[in-house]
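Visitor: sequence-free structure coming up:
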Ligand SMILES: *Cc1c(COP(=O)(O)O)cnc(C)c1O
């Protein structure tokens with residue numbers, strides 16, 4: 001069967017080079033070959049996180065790594081702050097509540113970011129906070145939280161750890177974990193990292209390691225200290241997702257071939273602007289402001305007069321273009337255009353063009369070609385620079 005054009009925020013398309021890397025002969029996770037693969041690959045991932053710390057690899061989805069970030073750093077009864085700007089912030093709230101933490105929830109309307117000033121005001125009346133949790137790239141709304149500034153606030157106004165869910169951002173959005181002062185940064189394989197689901201990546205600051213050591217977590221499979229001990233030997237405590245790590249090595253090749261991670265970030269930025277300008281040209285509203293817009297996913301309001309489920313179903317059936325719908329209360333009101341990982345300006349031009357074809361089928365009033373032209377203008381000015 002021919003594949004759909006998967007413009008989702010994960011899982012996302014996989015490059016052929018990565019697929020072929022994952023099809024190699026299996027190796028033992030206790031072999032010299034594995035140690036070499038593990039050491040070289042985790043070293044090459046560091047620029048994507050902006051860290052000198054070890055990159056730890058969990059054979060899991062992103063959620064397990066979020067849970068690891070919670071259960072290793074705090075103990076039941078501790079007070080924590082969770083910054084929620086959409087559906088994925090609620091993951092941290094749920095994990096923290098299940099674990100018996102006292103959660104102070106800084107909740108924003110969906111489509112807004114958390115600003116520095118808001119976090120300062122929120123932290124003022126609370127003391128004894130052990131950790132502040134935030135989402136970097138909120139996948140439900142397409143917001144990129146200003147985590148660099150939030151990290152600074154956490155540092156200046158508390159002794160808390162700053163723990164960031166980078167799933168769907170890391171791999172496409174800029175990240176300077178060490179410089180910004182993020183204590184734990186987590187991501188998953190199937191969003192901007194160009195891999196199938198099943199591998200989580202995280203890094204831990206020196207400050208957080210001290211807290212984790214003192215904490216003596218009760219976690220077994222998600223025990224980060226045991227991941228650290230094994231990482232020193234170039235291995236993982238249990239059987240890792242060997243094929244996905246082979247794929248990750250090919251992902252690093254591709255990013256290096258692109259000219260390094262900063263080029264990958266630039267490409268995502270161009271695609272973000274292409275999508276946004278094309279929707280403006282089609283008079284279709286965006287959920288978020290340009291200021292905090294995600295470079296990996298754009299959330300778009302239902303075009304005026306259309307039934308969203310019918311329109312998206314039509315795009316998928318007739319043009320094989322597959323967008324993601326809205327989550328929770330935004331269902332039916334917005335759809336999500338993923339432009340992360342293995343996605344290029346040419347893919348954005350294709351998707352905008354097919355979107356326009358679908359709009360014509362439903363007699364939406366617009367100037368045909370206006371969206372494509374706007375996207376093309378952004379693209380051409382980016383390469384003529
Ligand atoms: C997808 C996602 C998660 C959950 O990851 P899973 O791999 O589904 O467990 C968490 N946070 C964000 C921001 C995400 O986009």
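Guide: Arrived safely. Just so you know, these numbers come straight off a predicted model, no measurement behind them.
Visitor: can you list contacts of stretch 15-23?
Guide: Where contact means C-beta atoms under 8 Å, 6 or more residues apart in numbering, the residues beyond stretch 15-23 that reach it are 194-196, 243-244, 246-247, 249-251, 253-254, 342. Any C-beta I mention is one placed from the backbone N, CA and C, and that applies to glycine too.
Visitor: now do the contacts for residue 299.
Guide: Residue 299 makes contact with 111, 140-142, 286-288, 326, 330, 334-337, according to C-beta under 8 Å, 6+ apart.
Visitor: the one helix or strand residue 229 maps to: how far from the chain's middle?
Guide: Element membership of residue 229, judged by DSSP states H and E, is helix 224-231. Per C-alpha atoms, centre = their mean, to the nearest Å, the displacement of helix 224-231 from the mean C-alpha position of its chain is 24 Å.
Visitor: the helix or strand following that helix close to the ligand?
Guide: Scanning forward in sequence from helix 224-231, with DSSP H and E defining helices and strands, the next element found is helix 242-258. No - legend: contact between helix 242-258 and the ligand by C-beta under 6 Å from any ligand atom is lacking; minimum distance shown is 12.3 Å.
Visitor: mind giving me the ChimeraX select for the contacts of stretch 15-23, buried ones only?
Guide: Selection of buried members from these for ChimeraX, criterion 16 or more other C-beta atoms under 10 Å:
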select :194,195,196,243,244,246,247,249,250,251,342
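Visitor: now, which of the contacts of stretch 15-23 sits nearest residue 177?
Guide: Taking C-beta to C-beta as the measure, residue 251 is the one of the contacts of stretch 15-23 closest to residue 177, at 18.2 Å.
Visitor: report the contact partners of the residue nearest the centre of the chain.
Guide: The geometric centre of the chain, computed from its C-alpha atoms, lies nearest to residue 168 (C-alpha atoms, centre = their mean), at 1.6 Å. Applying C-beta under 8 Å, 6+ apart, we find residue 168 in contact with 9, 10, 88, 137, 139, 187, 188, 191, 192, 296, 297, 340.
Visitor: for the fourth one, list each beta-bridge partner.
Guide: What it means is residue 137. The partner list for residue 137 in beta bridges (DSSP bridges) reads residue 144.
Visitor: show the pLDDT at it.
Guide: With respect to pLDDT, residue 137 has a value of 98.
Visitor: contact residues of the stretch 151-300 of the chain facing the ligand?
Guide: Among all residues of the stretch 151-300 of the chain, those adjacent to the ligand (criterion: C-beta under 6 Å from any ligand atom) are 165, 167, 168, 188, 191.
Visitor: which residues does the second one contact?
Guide: So that's residue 167. Shown in contact with residue 167 (C-beta under 8 Å, 6+ apart): 10, 62, 66, 88, 137, 139, 186, 187, 188, 191.
Visitor: quick one: the residue in the chain sticking out farthest from the centre from residue 333, how far?
Guide: With C-alpha atoms, centre = their mean as the measure, the chain has its most outlying C-alpha, relative to the mean C-alpha position, at residue 363: 35.3 Å. Using C-beta to C-beta, to the nearest Å, one gets 21 Å for the distance from residue 363 to residue 333.
Visitor: ok so, going back, and the contacts of residue 299, which is closest to the ligand?
Guide: residue 140 (8.0 Å; C-beta to the nearest ligand atom).
Visitor: what is the burial count for that closest one?
Guide: Residue 140 is surrounded by 26 other residues when neighbours are defined as other C-beta atoms under 10 Å.
Visitor: my read: it touches residue 91, true?
Guide: No - Residue 140 lies out of contact with residue 91 (C-beta atoms under 8 Å); the separation is 10.6 Å.
Visitor: tell me the angle the top helix by length along the chain makes with helix 242-258.
Guide: Longest helix in the chain by number of residues (criterion: DSSP state H): helix 261-281. Relative orientation of helix 261-281 and helix 242-258, computed by axes from the mean of the first three to the mean of the last three C-alpha atoms, to 10 degrees: 80 degrees.
Visitor: check the residue nearest to the centre of the chain and give its pLDDT.
Guide: Per-residue pLDDT puts residue 168 at 97.
Visitor: report the secondary structure state of it.
Guide: coil (DSSP: H, G, I helix; E, B strand; the rest coil).
Visitor: please report how far it lies from residue 145.
Guide: Using C-beta to C-beta, one gets 12 Å for the distance from residue 168 to residue 145.
Visitor: which residues in the stretch 101-250 of the chain form helices?
Guide: With helices called from DSSP state H, counting those that start in this stretch, the stretch 101-250 of the chain shows them at 116-123, 147-157, 177-180, 206-215, 224-231, 242-258.
Visitor: any chance of those in CSV, plus mean pLDDT?
Guide: Conversion of these to CSV gives the following (pLDDT from 0 to 100):
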stretch, mean pLDDT
helix 116-123, 98
helix 147-157, 98
helix 177-180, 98
helix 206-215, 97
helix 224-231, 97
helix 242-258, 98
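Visitor: can you redo the ones you listed as JSON lines with distance to residue 350?
Guide: Converted to JSON lines, the helices of the stretch 101-250 of the chain look like this (distance: least, C-beta to C-beta, whole Å):
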{"stretch": "helix 116-123", "distance to residue 350": "38"}
{"stretch": "helix 147-157", "distance to residue 350": "32"}
{"stretch": "helix 177-180", "distance to residue 350": "34"}
{"stretch": "helix 206-215", "distance to residue 350": "42"}
{"stretch": "helix 224-231", "distance to residue 350": "40"}
{"stretch": "helix 242-258", "distance to residue 350": "20"}
